[in-house]
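1. What shape does this take:
(one chain, ligands or ions: 1)
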Amino acid sequence: MPPGPDLTAQERTRYARHLLLPDLGVDGQRRLRAARVLVVGAGGLGSPALLYLAAAGVGTIGVVDDDVVDVTNLQRQVVHGVADVGRPKTGSAADAVHAISPSTEVVQHTARLDASTALSVVADYDLVLDGADNFPTRYLVGDACARLGVPHVWGSVFRFDGQASVWWAGEGPCYACVFPRQPPPDAVPSCAVGGVLGAVCASIGAVMATEAVKLVTGAGEPLVGRLLVHDALRQTWDAVPVAADPGCRVCGSGADATRPLGWATTPAVTEGAPGAGGDDPASVRPAVGVEDLRVLLEDGALDGSRGLLLDVREAGEREIVTIPGAVWLTMGDLRAGAPVPVPDGGRVYVHCKTGARSAEAVDLLRARGVDAVNVEGGVLAWVRDVDPHLPTY
Ligand SMILES: Nc1ncnc2c1ncn2[C@@H]1O[C@H](COP(=O)(O)OP(=O)(O)OP(=O)(O)O)[C@@H](O)[C@H]1O
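-> Purely as a prediction, here's the structure:
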């Protein structure tokens with residue numbers, strides 16, 4: 001990336017501690033000011049990355065996010081504050097960047113990044129920091145970066161664990177070389193279900209910002225061909241070597257640029273993947289809404305003698321909020337074949353957080369011959385529609 005014009009006297013003062021770095025210096029600072037960096041997701045990882053990119057003097061920062069700030073974000077998404085709750089995250093993030101670096105141009109992409117937009121958005125930037133929280137977006141960003149030859153600085157967090165790498169087709173592996181198949185929806189628990197320590201987001205987000213600065217300035221060796229694995233409980237950092245796959249469907253001989261972005265890695269094109277064919281259980285799965293559930297509970301129909309309300313969430317989720325009267329068995333218990341105390345001829349109503357895991361539980365139970373029904377929208381719908389005074393998450 002070429003350096004821009006010389007630094008002003010004010011800039012020399014402001015970035016003095018950078019200019020003292022032999023690997024960065026005036027030339028590196030000029031490159032940072034000329035750089036265009038895209039941050040996907042102004043969330044847990046994007047927040048610390050944005051703050052350090054702004055403080056480092058990156059000239060243009062693009063921010064992609066289609067969400068608004070929620071009160072549950074504030075535990076880790078440090079570009080947003082209490083006054084930002086309900087605001088679009090892009091606007092809140094832009095204000096935070098400008099508070100640190102008024103001269104940084106912030107381009108707000110307040111929309112969902114999808115297969116129709118990813119290439120044109122990414123093409124405007126020198127590199128991408130991917131702080132998305134979902135697999136379709138990671139594969140989409142990975143595919144767009146690989147097609148454009150743009151470095152893909154990636155991070156991921158869950159509970160006390162984090163990972164980071166720089167995927168860069170042509171220089172080393174792309175994301176799909178190392179993780180060739182997108183897991184089926186809901187196969188991997190998210191932070192919204194399993195939780196995450198806010199400071200772990202800061203650790204991994206700071207690694208991502210460091211890699212961005214290194215890539216822009218040419219300092220050091222980028223985290224290409226290495227997967228950084230962090231365990232905050234043991235406070236360990238390990239770098240695992242990873243290699244490009246010559247047959248990769250995204251950047252290798254298996255690539256097909258005529259296909260839509262992300263196509264090559266979606267579960268639907270994975271041989272033998274769930275959902276690749278056969279009956280759709282969703283079309284035959286019985287369900288009730290939370291209002292009907294409220295009536296059933298008030299009538300005493302779910303007291304265990306005629307019917308049952310089953311909560312299949314994890315222990316930590318129950319610590320936050322429960323629907324009164326629910327019996328608890330986790331998905332892990334159910335998958336392991338744990339018995340459900342269903343009364344003879346009775347029916348089991350199953351709920352989780354939003355209705356996705358309970359749908360799988362209903363399918364498992366019905367395969368065992370149990371008369372099971374899904375509670376649509378889960379406990380979040382219960383809080384929203386039945387008892388808004390309860391906590392949510
Ligand atoms: N395809 C996408 N387009 C735009 N924004 C995206 C896309 N995918 C993810 N994001 C954004 O990335 C951010 C990821 O942040 P984070 O991992 O902290 O999760 P969250 O969705 O904010 O919180 P939670 O899942 O706990 O409710 C979110 O703000 C989300 O809106």
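2. Helices along the stretch 251-393 of the chain, start to end?
-> In the stretch 251-393 of the chain, helices defined by DSSP state H, counting those that start in this stretch lie at 290-298, 315-320, 331-335, 356-367, 378-385, listed in chain order.
3. Looking at those helices, which is nearest to the ligand?
-> helix 378-385 (10.6 Å; Cβ to the nearest ligand atom). All C-beta spots, glycine's among them, are computed from the backbone N, C-alpha and C.
4. got the angle between that closest one and helix 356-367?
-> 120 degrees (axes from the mean of the first three to the mean of the last three Cα atoms, to 10 degrees).
5. Other residues contacting helix 378-385?
-> 289-291, 293-294, 311, 313, 317, 321-323, 351-356, 358, 375, 377, 390-392 (Cβ atoms under 8 Å, 6 or more residues apart in numbering).
6. let's go with 10 Å and repeat that
-> Contacting residues not belonging to helix 378-385 are listed as 289-291, 293-294, 311-313, 317-318, 320-324, 326, 350-359, 375, 377, 386, 388-393 [Cβ atoms under 10 Å, 6 or more residues apart in numbering].
7. picking that back up, make CSV from the helices of the stretch 251-393 of the chain and add distance to the ligand, mean neighbour count and mean pLDDT to it.
-> As requested, the helices of the stretch 251-393 of the chain are exported to CSV (distance: least, Cβ to the nearest ligand atom, whole Å; neighbours: other Cβ atoms under 10 Å; pLDDT from 0 to 100):
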stretch, distance to the ligand, mean neighbour count, mean pLDDT
helix 290-298, 20, 16, 96
helix 315-320, 12, 14, 94
helix 331-335, 18, 15, 94
helix 356-367, 13, 20, 94
helix 378-385, 11, 20, 97
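8. So which elements touch the longest helix along the chain?
-> The single longest helix within the chain, with elements called by DSSP state H, is helix 198-217. Applying 3 or more Cβ pairs under 10 Å, 6 or more residues apart in numbering; DSSP states H and E, one finds that helix 198-217 contacts helix 25-34, strand 36-40, helix 46-56, strand 127-130, strand 152-158, strand 161-167, strand 226-231.
9. JSON lines please, covering the ones you listed and showing mean pLDDT and distance to Gly247.
-> Supplementary listing: these in JSON lines, determined by pLDDT from 0 to 100; distance: least, Cβ to Cβ, whole Å:
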{"stretch": "helix 25-34", "mean pLDDT": "98", "distance to Gly247": "35"}
{"stretch": "strand 36-40", "mean pLDDT": "98", "distance to Gly247": "27"}
{"stretch": "helix 46-56", "mean pLDDT": "98", "distance to Gly247": "32"}
{"stretch": "strand 127-130", "mean pLDDT": "98", "distance to Gly247": "23"}
{"stretch": "strand 152-158", "mean pLDDT": "97", "distance to Gly247": "19"}
{"stretch": "strand 161-167", "mean pLDDT": "98", "distance to Gly247": "17"}
{"stretch": "strand 226-231", "mean pLDDT": "98", "distance to Gly247": "20"}
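10. could I get those as JSON lines with mean neighbour count?
-> Formatted as JSON lines, the helices and strands packed on helix 198-217 follow (neighbours: other Cβ atoms under 10 Å):
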{"stretch": "helix 25-34", "mean neighbour count": "20"}
{"stretch": "strand 36-40", "mean neighbour count": "26"}
{"stretch": "helix 46-56", "mean neighbour count": "25"}
{"stretch": "strand 127-130", "mean neighbour count": "26"}
{"stretch": "strand 152-158", "mean neighbour count": "25"}
{"stretch": "strand 161-167", "mean neighbour count": "24"}
{"stretch": "strand 226-231", "mean neighbour count": "17"}
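11. If the closest residue to Glu105 other than its chain neighbours is in a bridge, with which residues?
-> What sits nearest to Glu105 in space, not counting adjacent residues and going by Cβ to Cβ, 6 or more residues apart in numbering, is Thr60, at 4.6 Å. Beta-bridge partners for Thr60, by DSSP bridges, are Arg36, Glu105.
12. so Thr60 touches Arg33, yeah?
-> Yes - using Cβ atoms under 10 Å, Thr60 is in contact with Arg33, at 9.2 Å.
13. need the residues of the stretch 151-300 of the chain near the ligand, please.
-> The stretch 151-300 of the chain comes close to the ligand at residues 190-192, as judged by Cβ under 6 Å from any ligand atom.
14. Quick check: of those, which lies closest to the ligand?
-> Looking across these and measuring by Cβ to the nearest ligand atom, the closest to the ligand is Ala192, at 3.7 Å.
15. Contacts only, for the closest one.
-> Contacts of Ala192 (Cβ under 10 Å, 6+ apart): 72, 133, 317, 353-354, 393.
16. Just the buried subset of those residues, please.
-> By neighbour count, with 16 or more other Cβ atoms under 10 Å, the contacts of Ala192 hold 133, 317, 353-354, 393 as buried.
17. Just flag the most distant two among those.
-> Spatial extent of the buried ones among the contacts of Ala192 (Cβ to Cβ) is set by the pair Asp133 and Glu317 at 17.1 Å.
18. Test my guess that Ala99 contacts Val106.
-> No - in this structure, Ala99 is not within contact of Val106 by Cβ under 10 Å, at 11.2 Å.
19. Please enumerate the shared neighbours of these two.
-> Ala54.
20. if I pick the closest residue to the ligand within the stretch 201-350 of the chain, what's in contact with it?
-> The stretch 201-350 of the chain approaches the ligand most closely through Cys201 (7.0 Å), counting by Cβ to the nearest ligand atom. For Cys201, the contacting residues are 43-49, 75-78, 131, 155, 157, 162, 191, by Cβ under 10 Å, 6+ apart.
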